[in-house]
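Enquirer: pasting the sequence and the predicted model now:
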Amino acid sequence: MSTFLIKNAKIVNEGSLFEGDVLIENEIISQIGESISAKPNYTIVDAEGSFLLPGVIDDQVHFREPGLTHKGTIATESKAAVAGGTTSFIEQPNTVPNAITQELLEQKYEIARQSSYANYSFMMGGTNTNLDELLKTNPKNVAGIKLFLGSSTGNMLVDDQEALEKIFSSTKMLIAVHCEDEGTIKANLEQYKAEYGENIPVKFHHLIRSTEACYLSSSRAIELAKKTGARLHVFHLSTAKEMELFTNKIPLEEKQITAEVCVHHLWFTDKDYETKGSLIKWNPAVKTQDDQDALWKALLDDRIDVIATDHAPHTLEEKNNPYTSSPSGGPLVQHSLVLMMEAYAKGKISVEKIVEKMCHNPARIFKIEKRGFVREGYFADLVIVNPHLPWNVKKENLLYKCGWSPIEGMNLKSRVTHTFVNGKLVYQNGKVKEVLAGQRLTFDRE
């Protein structure tokens, strides 16, 4: 294995930014210093003028394998991930078949072992009837339990209140939830169908999957978590109203209820439906400018703990169907970090805060062992980002299997130039190396 010496980097870690060098030996960050002397066997990487960050940990992706591999595979989407600086991902259970038994869950780990460019973990899926299987989940090598409290892509809706309460009160594992109230959405949809039939204009998506649908579901989940003492993580928040449900009054390590926002909810608003159409149709929906402003405020004041993508590729053909049959979701994992760096360039967020929300906090929340930080003795999952290397997002440089992006045509100021996974250089200057460096994530839990 190569020994890499990264020189002259602006190292961003744990709230500080300092210039220095990092030595990588045998998968591990072996030394961090102001100036580390090179030896003949070292491969030197000069990071002059660039930031060196811990690899991004994306706590919510849908890589589609098994069963929906025409949209994406663990190989294709993890390749896109490392090109964008994401070195670890946590994938969701609504694949085909749904990962709702231990056997089906382990089959996904085996696929990743053979094909992933990035580190990986897979969530165990909860249903109304699989509590016994859920309780067999190993907290040391599975990220957590995922519950869909509003139906999204797949058929995993948990809507039995008794079953839900049993799950919440029976496990100490982190429970991650998709919160949208099904009854509210169905009633709204019928109302718009009565007027427009199947061809509902996509600009109404955020009124169908409304603020009320989100708030009703997330407030109930939080109430149940407080009642049972469950460890709850609320995925992809999208509304101003929901921000009142979360606190910044206690340190992250003491929070029993944590919150995530996705890049697309920070980037797009309902005004963008006019030009982007179904390409920005997500569940929960992209909402108003006021909602986006509130999400940014909560992110910066630490009521929201994590930035993720909910990366969920579909083919363009599928996305271009009429509203009622056009699936929700889109590909983002190759561009999440550079989009946040655009916000940094505009003065909306510091690089230190980006690292906190995309690298440190996912590691803290899920208790991931030895990842998410630039620390001696930790796995060398590292990313070099040049903030002054403009490029244009176009079809030719997309690595998603679905072959499209909602930000195609956009000029970006920052570029990921190098990505290391477990000490291996997996991406350099526009090229992913054929190095399957990914490892199964492990967790520091009882």
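Expert: Structure received. Numbering: from 1, shown residues only.
Enquirer: a helix runs through Ile250, doesn't it?
Expert: No - applying DSSP: H, G, I helix; E, B strand; the rest coil, one finds Ile250 to be coil, outside a helix.
Enquirer: neighbours of it, how many?
Expert: Using other Cβ atoms under 10 Å as the criterion, Ile250 is surrounded by 10 other residues. Yep, even glycine has a C-beta here, placed from its N, CA and C like the rest.
Enquirer: before we move on, what about Ile384?
Expert: Neighbours of Ile384 using other Cβ under 10 Å come to 23.
Enquirer: do Gly377 as well
Expert: Considering only other Cβ under 10 Å, Gly377 is surrounded by 8 other residues.
Enquirer: right, and it touches Lys370 too?
Expert: Yes - between Gly377 and Lys370 there is a contact at 7.1 Å, judged by Cβ atoms under 8 Å.
Enquirer: ranges for the helices of the stretch 301-446 of the chain?
Expert: Applying DSSP state H, counting those that start in this stretch to the stretch 301-446 of the chain gives helices spanning 316-319, 336-345, 351-355, 361-366.
Enquirer: most tightly packed of these?
Expert: Using mean count of other Cβ atoms under 10 Å, the stretch among these with the largest mean neighbour count is helix 361-366, at a mean of 24.
Enquirer: give me the contact list for it.
Expert: If you take Cβ atoms under 8 Å, 6 or more residues apart in numbering as the criterion, helix 361-366 is touched by 57-59, 88, 90, 121, 143-144, 174, 233, 252-253, 258, 305-306, 308, 368, 371-373, 441, 443.
Enquirer: among those, which ones are in strands?
Expert: Ile57, Asp58, Asp59, Ser88, Ile90, Ser121, His233, Thr258, Val306, Ala308 (DSSP state E).
Enquirer: how many residues are close by the third one?
Expert: The burial count assigned to Asp59 is 31, neighbours taken as other Cβ under 10 Å.
Enquirer: again, but for the last one
Expert: The tally of other residues near Ala308 (other Cβ under 10 Å) stands at 26.
Enquirer: surely it and Gln60 touch.
Expert: Yes - under the criterion of Cβ under 8 Å, Ala308 lies in contact with Gln60, with a separation of 4.4 Å.
Enquirer: one step back: buried subset of the contacts of helix 361-366, written for ChimeraX?
Expert: If you want just the buried ones from the contacts of helix 361-366 in ChimeraX, going by 16 or more other Cβ atoms under 10 Å, the selection is:
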select :57,58,59,88,90,121,143,144,174,233,258,305,306,308,368,371,372,373,441,443
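Enquirer: would you mark the buried spots in the helix or strand Glu103 falls within?
Expert: In this assignment (DSSP states H and E), Glu103 forms part of helix 102-115. Going by neighbour count (16+ other Cβ under 10 Å), the buried part of helix 102-115 is Leu104, Leu105, Gln107, Lys108, Tyr109, Ile111, Ala112, Ser115.
Enquirer: now do stretch 265-283, average pLDDT.
Expert: For stretch 265-283, mean pLDDT rounds to 98.
Enquirer: give me the distance between the two termini of that stretch.
Expert: With Cα to Cα, to the nearest Å as the measure, stretch 265-283 spans 10 Å from end to end.
Enquirer: next one: stretch 426-439
Expert: End-to-end distance of stretch 426-439 (Cα to Cα): 13 Å.
Enquirer: off-centre distance for that stretch?
Expert: Distance of stretch 426-439 from its chain centroid, counting by Cα atoms, centre = their mean, to the nearest Å, is 19 Å.
Enquirer: and stretch 187-206, by the same measure?
Expert: Counting by Cα atoms, centre = their mean, stretch 187-206 comes out at 29 Å from the chain centroid.
Enquirer: and it, which residues are buried?
Expert: Asn188, Leu189, Tyr192, Ile200, Val202, Phe204, His205, His206.
Enquirer: report the two of these separated the most.
Expert: Across those, the longest distance by Cβ to Cβ is 14.1 Å; it joins Asn188 and Val202.
Enquirer: list phi and psi for Lys39.
Expert: Main-chain torsions, Lys39, degrees, to the nearest 10: phi -120, psi 160.
Enquirer: how much space between it and Glu27?
Expert: In this view, Lys39 and Glu27 are 18 Å apart by Cβ to Cβ, to the nearest Å.
Enquirer: between the two, which one's more packed in?
Expert: Glu27 (19 against 9).
Enquirer: what sits against the closest residue to that one other than its chain neighbours?
Expert: Nearest non-adjacent residue to Glu27, counting by Cβ to Cβ, 6 or more residues apart in numbering: Gly423, 4.1 Å away. Taking Cβ under 8 Å, 6+ apart, we find Gly423 in contact with Met1, Ser2, Phe4, Ile24, Glu25, Asn26, Glu27, Ile28, Phe379, Ala380, Ala437.
Enquirer: which stretches of the stretch 101-250 of the chain have low pLDDT?
Expert: 151-155 (pLDDT under 70).
Enquirer: how about the helices in it?
Expert: Here the stretch 101-250 of the chain has its helices, by DSSP H, counting those that start in this stretch, at 102-115, 131-134, 161-170, 182-196, 205-208, 211-228.
Enquirer: can you redo those helices as TSV with distance to Asn321?
Expert: Below are these laid out as TSV (distance: least, Cβ to Cβ, whole Å):
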stretch	distance to Asn321
helix 102-115	28
helix 131-134	34
helix 161-170	32
helix 182-196	15
helix 205-208	14
helix 211-228	22
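Enquirer: minimum distance to Ser336: which of the ones you listed has it?
Expert: helix 102-115 (19.7 Å).
Enquirer: which strands and helices lie in contact with the closest one?
Expert: helix 74-83, strand 119-122 (3 or more Cβ pairs under 8 Å, 6 or more residues apart in numbering; DSSP states H and E).
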